[in-house]
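Peer 1: I need the structure of the sequence given here:
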Amino acid sequence: MLTQEKLNTLAKEVKQELYGIIGYNPDMEFSLCKSTSYLGRCWVYKNKITISQYLEGDQLIKNVIAHELIHSCGVSGHKEDFKELMDIVNKSGWGYNVCTSQRKNNQGNTDNLIELRKQKREKREAKAKSYIVWCESCGYHYISKRKCHVLRKYRCPECYGKLRQKQYKEGKTTITRILY
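Peer 2: Just a heads-up that it's a prediction; the model follows:
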């Protein structure tokens with residue numbers, strides 16, 4: 001896992017290598033974040049760059065720092081201006097492989113980020129509520145991911161009867177008890 005000291009030394013190294021090549025903001029502060037959805041982020045108006053603490057591999061970290069330093073030059077997005085500066089950095093001879101998207105970057109290991117994203121998604125899905133919707137007349141039922149707040153507007157597709165709903169917890173809610 002990336003530490004603040006290591007980030008500072010790598011950032012200092014990248015800043016020295018890119019000094020004079022691109023006109024980045026020298027007052028940028030570097031900090032770590034716990035993000036798994038992005039590798040780095042630049043806030044030009046705050047003079048701040050955050051890098052994900054889950055990155056591994058010095059070259060990947062240096063590429064992300066260089067990527068964010070290009071944004072600190074006042075270039076937002078990944079359009080033509082960004083691509084011009086990206087080509088300048090990549091051809092500088094320092095071994096950078098800056099991309100518009102770090103998914104295209106093969107230098108460095110992002111497997112741990114992918115694994116953390118999967119774990120977060122599984123936790124979110126485990127917390128997600130399900131609702132059982134059933135017909136009072138015929139017993140037709142289905143499980144829904146969303147709670148319907150205007151259920152009175154809908155009718156059973158089988159018998160046109162009234163529909164009811166209740167939160168469904170697997171293992172705790174018995175469908176037969178609800179229906180009959």
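Peer 1: buried stuff in the longest helix along the chain?
Peer 2: For the chain, the longest helix by residue count, based on DSSP state H, is helix 111-127. Buried residues in helix 111-127, counting neighbours by 16 or more other C-beta atoms under 10 Å, are found at L113, L116. From N, CA and C alone the C-beta is placed, and that goes for glycine too.
Peer 1: helices or strands up against the helix or strand that that helix is followed by?
Peer 2: Next in sequence after helix 111-127, counting helices and strands by DSSP states H and E, comes strand 130-135. Helices and strands touching strand 130-135, as assessed by 3 or more C-beta pairs under 8 Å, 6 or more residues apart in numbering; DSSP states H and E, comprise strand 141-144, strand 163-168, helix 175-179.
Peer 1: now do the contacts for the residue nearest the centre of the chain.
Peer 2: Residue closest to the average C-alpha location in the chain (C-alpha atoms, centre = their mean): S37, at 2.0 Å. Shown in contact with S37 (C-beta atoms under 8 Å, 6 or more residues apart in numbering): R117.
Peer 1: so it: helix, strand or coil?
Peer 2: Following DSSP: H, G, I helix; E, B strand; the rest coil, S37 is assigned to coil.
Peer 1: quick check: it vs I49, distance?
Peer 2: Note on S37: its distance to I49, by C-beta to C-beta, to the nearest Å, is 16 Å.
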